[in-house]
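A.B. asks: give me a model of this one.
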Amino acid sequence: MTSPYGLEGRVALVTGGTRGIGLAVAGALVRAGARVCVTARDPDGVRRAAEELGGVGLAGSVADPAHLLALTEFTLDTFGRLDIVVNNAAANQPYGPLMDADPDTWREAFTVNVEAPLRLTQCVWRAWMREHGGCVVNICTEGATHVGPNVGAYGTSKAALLHLTQQLAGELAPRVRVNSVSPGLVRTEMARFVWEQAEDAIAAGLPLARIGEPEDIAQAVLWLASDAAEWVTGTDLLVDGGTRVRAARPDSGYAVHEHLRTRGPATPKGREELRDQPPPTRRHPTALPPPRGARLCRQRLRRVGATSPHRTRSAPQAPTYHLPGA
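C.D. replies: Model (predicted):
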């Protein structure tokens with residue numbers, strides 16, 4: 001059966017392509033006729049995915065620029081061309097209030113979610129697409145354009161990816177089209193901590209009455225990668241089951257935010273339940289120094305009070321802040 005998307009003979013590279021959305025995207029591209037190379041950090045997962053897809057794979061971290069260069073060369077050496085890049089690999093740490101975000105984990109999130117898509121696009125552009133053309137699809141998130149509890153780092157990095165998508169679309173046209181897909185809540189391992197114990201409640205709050213499946217996102221990527229979208233670039237395709245328009249419903253509560261407030265994603269030590277942890281200790285200044293101008297003013301008032309019989313009011317005191325319960 002001939003695919004309506006016409007990807008026969010084309011080659012695609014999918015990062016984070018061994019499970020969830022990435023594996024679903026790779027499978028959809030293969031069924032449409034493309035040959036696929038996948039990458040992820042786990043060598044066994046890469047091997048299994050490549051066998052399942054009838055393609056190839058190269059294990060490594062997208063945070064490593066050397067891996068991105070090797071990945072580009074490996075794909076070109078294997079297939080002789082590279083037409084489609086899907087930047088799907090992502091990191092969802094640090095999780096929690098931004099005031100508690102670890103700087104190193106914050107930088108890692110931006111390395112994986114923003115810098116890696118740029119570096120891979122640079123590699124592919126220089127090696128193939130500048131001369132032959134192609135398309136890039138970045139996997140963003142529905143939350144990139146609004147705030148939510150505990151996902152500030154993830155949302156901020158994905159907002160940067162959204163802007164990067166539009167910037168690259170302008171710079172690389174007309175040879176290369178660059179678009180993004182922004183999923184809502186999808187049934188993936190990465191988002192398991194949100195949907196696992198509340199799927200029915202979350203689905204009830206969505207206009208389309210269910211959470212997303214990886215295949216829902218794969219179909220959107222497939223369309224953007226095909227000639228059916230040949231006049232589309234710099235756009236973000238929102239695939240969220242109506243999350244953005246839920247406020248128009250009479251029962252517009254959103255269970256996702258409640259679960260983001262009370263639960264955390266899987267960590268190397270296991271899944272954390274935030275409701276069982278004490279709130280972080282906050283440091284409160286016991287006495288903040290007044291601004292320099294206020295100090296000078298007070299000094300002048302003291303000099304005036306020592307020499308003038310007309311001084312009737314005491315000098316203003318600097319504000320003092322006490323620890324709670326002190």
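
A.B. asks: which strands and helices sit next to the longest strand along the chain?
C.D. replies: Ranked by residue count under DSSP state E, the longest strand found in the chain is strand 176-183. Helices and strands touching strand 176-183, by 3 or more C-beta pairs under 8 Å, 6 or more residues apart in numbering; DSSP states H and E, are strand 134-139, helix 152-172, helix 214-225, strand 236-239. The way it works is simple: take the backbone N, C-alpha and C, and place the C-beta from them, glycine included.

A.B. asks: who wins for proximity to Val25 among those?
C.D. replies: Among those, the nearest to Val25 by C-beta to C-beta is helix 214-225 (4.6 Å).

A.B. asks: picking that back up, for the following helix or strand past the longest strand of the chain, name the packing helices and strands.
C.D. replies: Heading C-terminal from strand 176-183, the first helix or strand you meet, by DSSP states H and E, is helix 192-195. Counting contacts by 3+ C-beta pairs under 8 Å, 6+ apart, helix 192-195 packs against helix 255-262.

A.B. asks: what's the average pLDDT for the helix it packs on?
C.D. replies: Helix 255-262 carries an average pLDDT of 58.

A.B. asks: so for the longest strand of the chain, mean pLDDT?
C.D. replies: Mean predicted confidence for strand 176-183 is 98.

A.B. asks: now Ala173: how far from Val137?
C.D. replies: Going from Ala173 to Val137 by C-beta to C-beta, to the nearest Å gives 15 Å.

A.B. asks: which of the two has more neighbours?
C.D. replies: Taking neighbours as other C-beta atoms under 10 Å, Ala173 and Val137 compare with Val137 leading, 28 against 12.

A.B. asks: follow-up on the earlier one: in a markdown table: the helices and strands packed on strand 176-183, plus mean pLDDT and distance to Ala26.
C.D. replies: Shown next, in a markdown table, are the helices and strands packed on strand 176-183 (pLDDT from 0 to 100; distance: least, C-beta to C-beta, whole Å):
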| stretch | mean pLDDT | distance to Ala26 |
| --- | --- | --- |
| strand 134-139 | 98 | 12 |
| helix 152-172 | 97 | 20 |
| helix 214-225 | 98 | 8 |
| strand 236-239 | 98 | 17 |
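
A.B. asks: same list, the ones you listed, but as TSV with distance to Val46 please.
C.D. replies: Shown next, in TSV, are the helices and strands packed on strand 176-183 (distance: least, C-beta to C-beta, whole Å):
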stretch	distance to Val46
strand 134-139	18
helix 152-172	23
helix 214-225	18
strand 236-239	26
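
A.B. asks: pick the most buried one from those.
C.D. replies: strand 134-139 (a mean of 26; mean count of other C-beta atoms under 10 Å).
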